[in-house]
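K.L.:
Here is my input; please provide its structure:
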Amino acid sequence: MVNVTESNGEISCSVDDTNKLRALLGLKPLRVSSEPAAGAVNAEAVAVANLAAKRAIEDKDRELAEIQANSTHKELMPCDAKNYTYTPSLPHLPYI
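P.N.:
From the prediction side, this is the model:
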């Protein structure tokens, strides 16, 4: 039959024995191969992708900081709201 061991309230058996039990219950057997299952996520690939995305963001931030540091255009520079003064323009008058 099936070799089952019990230790500290935990029941365990090998994958082969588990598959025998699953067959008796009408369930599909567990996979034993070392290949990842379809849709499984490779942690190393995720880490590499995250690092590449982080570096791309850092590069863009560095480029933006360099542009802002070298820019003389006020529209690219941060606005200092305390020193900003509003000057209304004159209304448009028709030419005579």
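K.L.:
Going by C-alpha atoms from here, please, whenever you check contacts or count neighbours.
P.N.:
Noted.
K.L.:
Let me see the domain layout of this structure.
P.N.:
Listed domain ranges for the chain are 1-32, 40-72 (source: automatic domain parsing).
K.L.:
Turn those into TSV, including mean neighbour count and mean pLDDT.
P.N.:
Compiled in TSV, the domains of the chain are given as follows (neighbours: other C-alpha atoms under 10 Å; pLDDT from 0 to 100):
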stretch	mean neighbour count	mean pLDDT
domain 1-32	11	85
domain 40-72	11	85
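K.L.:
Endpoint to endpoint, stretch 30-46 covers what distance?
P.N.:
Stretch 30-46 stretches 26 Å from its first residue to its last (C-alpha to C-alpha, to the nearest Å).
K.L.:
cool, stretch 16-33 as well?
P.N.:
Start-to-end, stretch 16-33 (C-alpha to C-alpha) is 12 Å.
K.L.:
do the same with stretch 32-42
P.N.:
18 Å.
K.L.:
would you say residue 6 is within a strand?
P.N.:
Yes - counting by DSSP: H, G, I helix; E, B strand; the rest coil, residue 6 falls inside a strand.
K.L.:
The closest residue to it other than its chain neighbours and residue 20, how far apart?
P.N.:
Among residues not flanking residue 6 along the chain, residue 12 sits closest, at 6.4 Å (C-alpha to C-alpha, 6 or more residues apart in numbering). According to C-alpha to C-alpha, residue 12 stands 14 Å off from residue 20.
K.L.:
Could you pull up phi and psi at residue 15?
P.N.:
Per-residue torsions, residue 15: phi -60, psi -40 (degrees, to the nearest 10).
K.L.:
residue boundaries of the strands in the protein?
P.N.:
For the chain, strands defined by DSSP state E occupy the ranges 5-7, 10-12.
K.L.:
need the ones you listed in CSV with distance to residue 60, can you?
P.N.:
Below are the strands of the chain laid out as CSV (distance: least, C-alpha to C-alpha, whole Å):
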stretch, distance to residue 60
strand 5-7, 56
strand 10-12, 53
